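Chemist: sequence first, predicted model second:
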Amino acid sequence: MSPEYFDAELTPLGWQQVDNLRKHVRASGLHKRIELVITSPLMRTIQTAVGVFGGDGYTNISDVVPLMVANAGNSSRAAISSLNCPPIVAVESCREHLGVHPCDQRRSIGEYQFLFPAVDFSLIETDEDKLWKADIRETTEELAARGTRFLNWLWTREEKEIAIVTHSGFLFHTLKAYGNDCHPDVKKEISKHFANCELRSMALVDRSMVGSDPSTTNYPGKIPEGPDLPSDAEDVKLEGNESDPAS
């Protein structure tokens, strides 16, 4: 509840955990497959996103905007390059539990954009934080509903391999709403709390196929355009044309 934890930043231990996850992501080859990184717009998650998925060895080249400027969030870290890394987009709907706790209140987007120039904040509608309330804590049901809306929004993305950098509370209450048709051990695995900088891979399956892309090998047929006629109707049409001088 202390105001000193407003939009809490990563501690030195947090950065060490980020460095360890970065090494794992590269050793496993995952960094080559990720097409998009989505992050909660809070300092600790943005720092984690750029620290894990950002480019190597930033150099002060005039036409390359850094993902993070040096010492962003009092990190004592060097600038992070935006070269050879997936796009990183901040999305408001995957924020941590809203309200009351100062650590979960965000800064203005203008301040973030200065610290993280190559992160895309265009999907966030207001510069100031309009969602966090000092005297109203979001209920777990409201949080789960927000998480469901976030997952539904994911279906609108064209990318297939997406990294989500978000919060343990958000993930716990969101994923707890799923898996009711699974074995209890599976549901327990889905909804258990995440540790700091833990990475889990999940496959989202659209059973209704609403979000499925059309096959790239499908062929439309019916060329030239027009309805196909039954063969007997086509025979009648041909006989009529033969008796018509204009034909």
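Modeler: Right, received. Where do you want to start?

Chemist: centre-most residue in the protein?
Modeler: The chain has I38 as the residue nearest its centroid, 3.4 Å off, counting by Cα atoms, centre = their mean.

Chemist: contact partners for the closest residue to P66 other than its chain neighbours?
Modeler: Nearest in space to P66, with sequence neighbours left out and distances taken as Cβ to Cβ, 6 or more residues apart in numbering, is A79 at 4.6 Å. Every residue, glycine included, has its C-beta placed from N, CA and C. Listed by Cβ atoms under 8 Å, 6 or more residues apart in numbering, the contact set of A79 reads 58, 60, 66, 68-70.

Chemist: and the contacts of whatever helix or strand G110 lives in?
Modeler: Assigned by DSSP states H and E, G110 falls within helix 109-115. The contact list for helix 109-115, computed with Cβ under 8 Å, 6+ apart, reads 41, 43, 46, 68-69, 72-73, 90, 106, 119, 121, 124, 126-127.

Chemist: now stretch 81-90
Modeler: With contacts defined as Cβ under 8 Å, 6+ apart, stretch 81-90 is touched by 31, 34-41, 46, 49-50, 53-59, 64-67, 112, 118-124, 163.

Chemist: return the subset of these lying in helices.
Modeler: Among those, DSSP state H puts 46, 49-50, 53, 112 in helices.

Chemist: which pair in those residues spans the largest distance?
Modeler: F53 and Y112 (16.7 Å; Cβ to Cβ).

Chemist: ok so, going back, ok, the contacts of helix 109-115 vs M202, which is closest?
Modeler: A90 (20.9 Å).

Chemist: quick check: the residue lying closest to D7 once chain neighbours are set aside vs E96, distance?
Modeler: Nearest residue to D7, sequence neighbours excluded (Cβ to Cβ, 6+ apart): M43, at 4.8 Å. Relative to E96, M43 is positioned 11 Å away (Cβ to Cβ, to the nearest Å).

Chemist: kindly report the same for V18.
Modeler: 17 Å.

Chemist: over to F172?
Modeler: Distance, F172 to E96, by Cβ to Cβ: 11 Å.

Chemist: the two: which is more packed in?
Modeler: Neighbour totals were compared for F172 and E96, and E96 leads with 23 against 18 (other Cβ atoms under 10 Å).

Chemist: excluding covalently adjacent residues, which one is nearest to the more buried one?
Modeler: H167 (3.8 Å).

Chemist: how many neighbouring residues does the one you found have?
Modeler: Neighbourhood size, H167 [other Cβ under 10 Å]: 17.

Chemist: then W132?
Modeler: 20.

Chemist: how about E4?
Modeler: 7.

Chemist: where are the low-confidence patches of the chain?
Modeler: 61-63, 207-247 (pLDDT under 70).

Chemist: go again with 80.
Modeler: Per-residue confidence for the chain (pLDDT under 80) gives these ranges: 57-63, 205-247.

Chemist: the strands in it, which residues?
Modeler: For the chain, applying DSSP state E gives strands covering 36-39, 88-90, 162-165.

Chemist: what strands line up against the first one, and which way round?
Modeler: Meaning strand 36-39. strand 88-90 (parallel), strand 162-165 (parallel) (DSSP bridges).

Chemist: so which residues make contact with that strand?
Modeler: Strand 36-39 is contacted by residues 45-46, 48-49, 53, 86-91, 94, 119, 157, 159, 161-166 when judged by Cβ under 8 Å, 6+ apart.

Chemist: just the buried subset of those, please.
Modeler: 45-46, 48-49, 53, 86, 88-91, 94, 119, 163-166 (16 or more other Cβ atoms under 10 Å).

Chemist: closest to F150 out of these?
Modeler: Using Cβ to Cβ, the buried ones among the contacts of strand 36-39 come closest to F150 at C94, 5.1 Å.
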